[in-house]
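A.B. asks: Sequence below, structure please.
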Amino acid sequence: MPKGNIISRKSVKKKGATSPQPREVGQKIQSRREDLLSPEQELDDTKSKYAGRPERLTHPDLNSNHAAAANLVRNVDAAMVIVDKSLRIRGFTPSAAEILSLISPDIGCPITDLPSAAIFAQLESKIRDVMANVTTKEQEVTDVRGVWHSLRVRPYMSHANKVEGAVLTLTNIDNQKRQAAAQKQAMDELRGQSELLHLAHDSIMVRDVNSVILFWNRGAEETYGWSAAEACGNVSHQFLETEFPEPFDQVNEKLFNSGSWEGELIHRTRTGKQITVASRQVLQHDQNGRVVGILEINKDITLRKEAEESLRNLSARLLQLQDEERRRIARELHDSTGQSLAALVIHLSAISARVAEVDQTTAGLLREAIQLSQTASDEIRTLSYLLHPPTLDHAGLRSALEWYVEGFTQRSKVKVDLKVSIGPNRLSEIEERTLFRIVQESLTNIFRHSGSETASVRIALDSGIVRLEVSDKGKGIPGDILRALNSSGGQLGVGIRGMRERLRQLGGWLQIRSMSEGTTLNASFPIREIAEGEGRSQALGSS
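C.D. replies: Okay, the predicted model is just below:
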């Protein structure tokens, strides 16, 4: 019990309070004495507890704070160094000791003098500027091992808010720097590749897996008329109104299954003009093999396609002129030369009958002349029919082929099995002429090259498609020659090219298959619809 409390009780007694009995007073005095002894015992216990540590008794709060701060520095994972105003080391964390190879004796040494801390030598002015202006500065530095760190310098403030030095904090950013360097290198390479793509004359675009345009080179700008800023971000086939040779889903499926796709596409430019491009599309993969984009290279072949179309039209016109010339020559041979030879035979026969009574020798010579004239007349008639069979115009395809096959078998001794199933209606003139010329050329090739004793000709009309098959059982065609014959640009076989050109006019195709057992030629084309009531002469004139 404090003494002041006792004094206050005496003052209460003087004011006339009732005096307690002597026994009660003695008990209270004893109680107060125990209260006074209790704090004294606590003080003695405290003194004995801190005996031998008088320095901590002098400033207990300061010592406690100092210990806590030292423990905090030891447990901080960051690399920190504290220097005084003279740039002498006052302390450092374990992480800083590991990075800068610091040891306890280094405390008190100027940090700029330590070889292991050479990164700070060039930063002396910056550290002093931080202390002078009470500011914070950051800079990227490398240690003696070449590891990158972010150095943050801030003032070290006392309790009185005065600058007593600086705190240097190092943060390892080596991975970030290396990643950034790798990204920069990749971007530089990408820019270099991009510049190469810009230099290309072809239209080049890069699309993501959803066909959204990501890259659009200068060649694409020149081809289509849109700038890169206008094109990027659009779905390519919608933006260019692409016409595919087959459904888009099938094109996409082939692209992702095989990794590439090639074909011709029709695009629309900014001016609304349609152009034809030869397109090559290739998938792009990341390091994990995932598809990240599609590289598409388009070459404008519109002029080439127009030239090809002009060439086909010219070729068709030449074939038409050739057929017309054949018809004219056939008619001249039949009507003029053939008739002249027939008259010559008649006259020679009449002379022979008169001379036979006078001179048998002369009569024999006349009979030989008559025989030669008859042979020439027959050959002229055969040549006339081969150039243009009159039955093709008058009786139709079936009769013309039956006549030709009969004569071919007699001349070549090759037995031909002919079957024609095209219905009761006749085809157009150009369609019948095309089939006749293909059969004629095919049988001629069989006789010249295959060595086969038999041949088969099948013509059928099914669902608006005419299909022709000519086959033999000969020695076949060598692989390299067969590939050349089946290629559109093959240089072999003038007759084959003529067949293809005739079929192309009708929108058809031709394919040749050959093995050691023989060769088969397949051709087909869609028939042209003729309006009801349209005369055949009108149909022929428009074909």
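
A.B. asks: Who are the packing partners of the helix ranked longest in the chain?
C.D. replies: Scanning the chain for the longest helix, with DSSP state H as the assignment, gives helix 302-332. Other helices and strands packing on helix 302-332, by 3 or more C-beta pairs under 8 Å, 6 or more residues apart in numbering; DSSP states H and E, are strand 274-285, helix 360-387, helix 494-505. Using the backbone N, CA and C atoms, a C-beta is placed for each residue, glycine as well.

A.B. asks: got CSV for these, with mean neighbour count and mean pLDDT too?
C.D. replies: Shown next, in CSV, are those (neighbours: other C-beta atoms under 10 Å; pLDDT from 0 to 100):
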stretch, mean neighbour count, mean pLDDT
strand 274-285, 17, 93
helix 360-387, 15, 83
helix 494-505, 18, 83
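
A.B. asks: and these as TSV, adding distance to residue 212?
C.D. replies: Shown next, in TSV, are those (distance: least, C-beta to C-beta, whole Å):
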stretch	distance to residue 212
strand 274-285	14
helix 360-387	62
helix 494-505	38
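
A.B. asks: which parts of the helix or strand following the longest helix of the chain are buried?
C.D. replies: Tracing the chain C-terminally past helix 302-332 and defining elements by DSSP states H and E, one meets helix 338-355 next. By neighbour count, with 16 or more other C-beta atoms under 10 Å as the criterion, the buried positions of helix 338-355 are 338, 341, 344-345, 348, 352, 355.

A.B. asks: starting at the chain centroid, how far to helix 338-355?
C.D. replies: Computed by C-alpha atoms, centre = their mean, to the nearest Å, the separation of helix 338-355 from the middle of its chain amounts to 80 Å.

A.B. asks: That one packs against which elements?
C.D. replies: Packed against helix 338-355 by the contact rule (3+ C-beta pairs under 8 Å, 6+ apart) you find helix 360-387.

A.B. asks: quick check: angle from the helix it packs on to helix 302-332?
C.D. replies: Counting by axes from the mean of the first three to the mean of the last three C-alpha atoms, to 10 degrees, helix 360-387 lies at 150 degrees to helix 302-332.

A.B. asks: Direction-wise, compare helix 360-387 with helix 338-355 and give the angle.
C.D. replies: 170 degrees.

A.B. asks: Need the buried residues of helix 338-355 in CSV (columns: distance to residue 424 and pLDDT).
C.D. replies: As requested, the buried residues of helix 338-355 are arranged in CSV below (distance: C-beta to C-beta, whole Å; pLDDT from 0 to 100):
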residue, distance to residue 424, pLDDT
338, 33, 77
341, 39, 81
344, 43, 85
345, 41, 82
348, 47, 83
352, 50, 80
355, 56, 80
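
A.B. asks: These: which two are farthest apart?
C.D. replies: By the measure C-beta to C-beta, the buried residues of helix 338-355 have their two most distant members at 338 and 355, which lie 25.8 Å apart.

A.B. asks: Which positions within stretch 457-474 qualify as buried?
C.D. replies: Neighbour-count burial for stretch 457-474, with 16+ other C-beta under 10 Å as criterion, is recorded at 457, 459, 466, 468-474.

A.B. asks: Same question for stretch 136-150.
C.D. replies: Along stretch 136-150, these residues count as buried under the neighbour rule (16+ other C-beta under 10 Å): 141, 143, 148-149.

A.B. asks: The helix or strand harbouring residue 198 packs against which elements?
C.D. replies: For residue 198, the host element (DSSP H and E) is helix 174-199. Under the contact criterion of 3+ C-beta pairs under 8 Å, 6+ apart, helix 174-199 touches strand 148-157, helix 218-224.

A.B. asks: Can you tell me which of those is packed in deepest?
C.D. replies: Using mean count of other C-beta atoms under 10 Å, the stretch among the helices and strands packed on helix 174-199 with the greatest mean number of neighbours is helix 218-224 (a mean of 20).

A.B. asks: could I have that one exported to PDB, CA atoms only?
C.D. replies: The C-alpha coordinates for helix 218-224 follow below in PDB (Å, rounded to 0.1, in the frame of the first residue of the first chain):
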ATOM      1  CA  ARG A 218       2.500  -5.600 -98.600                       C
ATOM      2  CA  GLY A 219       2.000  -8.100-101.400                       C
ATOM      3  CA  ALA A 220      -1.500  -8.700-100.000                       C
ATOM      4  CA  GLU A 221      -2.200  -5.000 -99.800                       C
ATOM      5  CA  GLU A 222      -1.200  -4.600-103.500                       C
ATOM      6  CA  THR A 223      -3.200  -7.700-104.500                       C
ATOM      7  CA  TYR A 224      -6.500  -7.000-102.700                       C
END
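
A.B. asks: Check the offset of that helix from the chain's centre.
C.D. replies: Taking C-alpha atoms, centre = their mean, one finds helix 218-224 lying 18 Å from the centre of the chain it belongs to.

A.B. asks: sorry, back to before: out of the buried residues of stretch 457-474, flag the one nearest to residue 251.
C.D. replies: Using C-beta to C-beta as the measure, the one of those that approaches residue 251 most closely is residue 466, at 29.7 Å.

A.B. asks: Next, the closest one: secondary structure please.
C.D. replies: Three-state call for residue 466 (DSSP: H, G, I helix; E, B strand; the rest coil): strand.

A.B. asks: repeat for residue 485
C.D. replies: Three-state call for residue 485 (three-state DSSP): helix.

A.B. asks: Would you agree it is in contact with residue 496?
C.D. replies: Yes. Under the criterion of C-beta atoms under 8 Å, residue 485 is in contact with residue 496, at a separation of 5.4 Å.

A.B. asks: okay, and the common contacts of those two?
C.D. replies: Common contacts of residue 485 and residue 496 (C-beta atoms under 8 Å, 6 or more residues apart in numbering): residue 512.

A.B. asks: For the buried residues of helix 338-355, give me JSON lines that also has distance to residue 228.
C.D. replies: Written out in JSON lines, the entries for the buried residues of helix 338-355 read as follows (distance: C-beta to C-beta, whole Å):
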{"residue": "338", "distance to residue 228": "73"}
{"residue": "341", "distance to residue 228": "78"}
{"residue": "344", "distance to residue 228": "82"}
{"residue": "345", "distance to residue 228": "84"}
{"residue": "348", "distance to residue 228": "88"}
{"residue": "352", "distance to residue 228": "93"}
{"residue": "355", "distance to residue 228": "97"}
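
A.B. asks: Same list (the helices and strands packed on helix 174-199) but as TSV, adding distance to residue 286 and mean pLDDT.
C.D. replies: Rendered in TSV, the data for the helices and strands packed on helix 174-199 read as follows (distance: least, C-beta to C-beta, whole Å; pLDDT from 0 to 100):
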stretch	distance to residue 286	mean pLDDT
strand 148-157	27	91
helix 218-224	24	92
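
A.B. asks: Let's have these in JSON lines, adding distance to residue 450.
C.D. replies: Shown next, in JSON lines, are the helices and strands packed on helix 174-199 (distance: least, C-beta to C-beta, whole Å):
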{"stretch": "strand 148-157", "distance to residue 450": "80"}
{"stretch": "helix 218-224", "distance to residue 450": "49"}
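
A.B. asks: Great, nothing more from me.
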